[in-house]
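**Q** quick one: sequence plus predicted model below, questions after.
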Amino acid sequence: MFLGEYQVKFTGRGRIVLPYKFREELTDKVVILTRGFEKCIWGFDLKDFEGTAKKQLEIPATEERARYMRRYLFSSSEPVELDAQGRIIIPSALLDFASVRNEVTVIGAGDHFEIWDTKLWKKHIKEVEVKLGRISQVRSS
């Protein structure tokens, strides 16, 4: 399971070192990167991605929402390989999508990890905290 939050730096154009704890969770040297939601990049262990893909493909293509989700997920998915130092190169299209520039935050999200521009991550987590505060206030009422 991918857990934690890590600040990482680029070690070359689009290249980052994947946190050691995340590398330990991988069953292969191949990671699948794809567009996430809220302007981040999702990263999956190859086997986990195959399971996620299988679930998406079980929904009939006659359902409009299923077609949209397939297009969103699969059109941006890229396999990337970890090198001997645990680095991956993030494709430029994904960097542009997520507005990842200089500072990078990699977070665990359970079955996958997410790569965020640090400024966007800080803004997003503040918004989440406000929403969770609202949720807990409603539940305790």
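**A** Great, that's in hand.
**Q** okay, how far is it across stretch 93-110, tip to tip?
**A** 25 Å (Cα to Cα, to the nearest Å).
**Q** list the buried residues of that stretch.
**A** Neighbour-count burial for stretch 93-110, counted by 16 or more other Cβ atoms under 10 Å, picks out 94-95, 97-98, 100, 103-108. For glycine as for every other residue, the C-beta is placed from the backbone atoms N, C-alpha and C.
**Q** same question, stretch 53-65
**A** Ala53.
**Q** now it - C-alpha only, PDB.
**A** Extracted C-alpha coordinates of stretch 53-65, given in PDB (Å, rounded to 0.1, in the frame of the first residue of the first chain):
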ATOM      1  CA  ALA A  53      -7.900  -1.600 -16.200                       C
ATOM      2  CA  LYS A  54      -9.800  -4.900 -16.000                       C
ATOM      3  CA  LYS A  55     -12.500  -3.300 -13.800                       C
ATOM      4  CA  GLN A  56     -12.900  -0.500 -16.300                       C
ATOM      5  CA  LEU A  57     -13.200  -2.900 -19.200                       C
ATOM      6  CA  GLU A  58     -15.900  -5.000 -17.400                       C
ATOM      7  CA  ILE A  59     -18.300  -2.000 -17.700                       C
ATOM      8  CA  PRO A  60     -20.000  -2.300 -21.100                       C
ATOM      9  CA  ALA A  61     -18.700   0.200 -23.700                       C
ATOM     10  CA  THR A  62     -22.400   0.900 -24.500                       C
ATOM     11  CA  GLU A  63     -22.500   3.000 -21.300                       C
ATOM     12  CA  GLU A  64     -21.400   6.600 -22.100                       C
ATOM     13  CA  ARG A  65     -19.700   7.100 -18.700                       C
END
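**Q** just use 110 as the starting number from now, easier for me
**A** Sounds good: first residue 110 from here, last item stretch 162-174.
**Q** outside of it, which residues touch it?
**A** 175-176, 178-179, 182-183 (Cβ atoms under 8 Å, 6 or more residues apart in numbering).
**Q** same question, stretch 195-208
**A** Contacts for stretch 195-208 (Cβ under 8 Å, 6+ apart): 120-127, 129, 132, 140, 142-145, 148-150, 185, 187, 189-191, 209, 224-226, 229.
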